[in-house]
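Undergrad: The following comprises the amino acid sequence and a computationally predicted model.
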Amino acid sequence: MFLFSPLYWLLVGPAIALVAWSQYKVKKTYRDNSKIPAAAGLAGSQLARALLDRNELTDVSVQPVQGELTDHYDPRGKVLRLSGDIYNGRSVAALGIVAHEVGHAVQDARKYVPLRIRASLVPAASFGSSVGPLLVIGGIIFAAGSSFSGLLINLGILFFGAAVVFQIVTLPVEFNASRRAMAMLENGGYIAQEEYKPAKQVLNAAALTYLAATLAAIMQLVYYLILSRRN
């Protein structure tokens, strides 16, 4: 029913458009900079191992994973998973992404507080992002005008709020990982001066996707809050 609400599109529509644009931007930026070979001549897997070892993270393994831009660090298994183009890639874009994921591994080892908070929010955020909207819809459709309607909507807002908090906490986690990435690449001599800008462009484009997703979640929560005042 939200799809037919002018208010929904007024509040959330621009954020959804920004999400779509940011996803296009990160893929385009990655593909453009993946054509630039890195002077270091290292494959992504080699750089990952070197950076992990420099940070005394010898217990973290490096593994390939299927997909494009599916790279991530798994804190539970202590595994850095890199997509094929990044694992084998020798481009400036590949090295930037590898260093970013190593940044997450360093955060985990150093017990970076925002990362620990985000990890604790995963169950609530996963539940809230799926169940919260359903409760809001249920409150509007099935119990309109009753006290039970308000209860359902408020519960939906509460649960969805956990997902919004997760998105907000994700921002400093990702920005910090990118700062660590660029510092590791520079300090270790893995990146030439002229390669700094394209590597940072890839990380900045990725950061934009997190900003857009957070804005979309916040605006959706605002929409739910407005609905709660109408019922």
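TA: That came in fine, so what should we check first?

Undergrad: what are the ranges of the helices in the protein?
TA: 6-11, 13-33, 44-54, 84-87, 92-109, 113-141, 147-187, 196-230 (DSSP state H).

Undergrad: Would you point to the one among these that's packed deepest?
TA: Most buried of the helices of the chain by mean neighbour count (mean count of other Cβ atoms under 10 Å) is helix 92-109; its value is a mean of 26. C-beta: built from backbone N, CA, C; applies to glycine.

Undergrad: re the thing from before, closest one to V65 among the helices of the chain?
TA: V65 lies closest, by Cβ to Cβ, to one member of the helices of the chain: helix 84-87, at 8.0 Å.

Undergrad: by contact count, what packs against that closest one?
TA: Helix 84-87 makes packing contacts with helix 44-54, strand 61-65, helix 92-109 when contacts are defined by 3 or more Cβ pairs under 8 Å, 6 or more residues apart in numbering; DSSP states H and E.

Undergrad: buried sites along the second one?
TA: It refers to strand 61-65. Using 16 or more other Cβ atoms under 10 Å as the test for burial, strand 61-65 gives 62, 65.

Undergrad: quick one: strands adjacent to it?
TA: Strand 61-65 has the following sheet partners, assigned by DSSP bridges: strand 79-83 (parallel).

Undergrad: now the angle from the strand it pairs with to helix 92-109?
TA: Strand 79-83 and helix 92-109 are oriented at 160 degrees to each other (axes from the mean of the first three to the mean of the last three Cα atoms, to 10 degrees).

Undergrad: tell me which residues in strand 79-83 are buried?
TA: 80-83.

Undergrad: want to throw the helices and strands packed on helix 84-87 into CSV with mean pLDDT and distance to K35?
TA: Listed next are the helices and strands packed on helix 84-87 as CSV, based on pLDDT from 0 to 100; distance: least, Cβ to Cβ, whole Å:
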stretch, mean pLDDT, distance to K35
helix 44-54, 97, 15
strand 61-65, 97, 21
helix 92-109, 97, 8
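
Undergrad: so L47 makes contact with G96?
TA: No: using Cβ atoms under 8 Å, L47 makes no contact with G96, being 10.0 Å away.

Undergrad: I'd like to know which elements the helix or strand bottoming out on mean pLDDT in the chain is packed against.
TA: Lowest on mean pLDDT, DSSP states H and E among the helices and strands of the chain sits helix 6-11, with a mean of 88. Packing partners of helix 6-11 (3+ Cβ pairs under 8 Å, 6+ apart): helix 196-230.

Undergrad: Kindly recompute the last result at 10 Å.
TA: Secondary-structure packing of helix 6-11 (3 or more Cβ pairs under 10 Å, 6 or more residues apart in numbering; DSSP states H and E): helix 13-33, helix 196-230.

Undergrad: For the closest residue to Y210 other than its chain neighbours, give me its contacts.
TA: The shortest distance from Y210 to any non-neighbouring residue, by Cβ to Cβ, 6 or more residues apart in numbering, is to E174 (5.1 Å). Going by Cβ atoms under 10 Å, 6 or more residues apart in numbering, E174 touches 100, 103-104, 114, 118, 203, 206-207, 209-211.

Undergrad: Of the residues you listed, which is the nearest to S149?
TA: Once Cβ to Cβ is applied, the member of those that ends up nearest S149 is R118, at 32.8 Å.

Undergrad: so that closest one touches P172, yeah?
TA: Yes: here R118 reaches P172: they are 9.1 Å apart, a contact under Cβ atoms under 10 Å.
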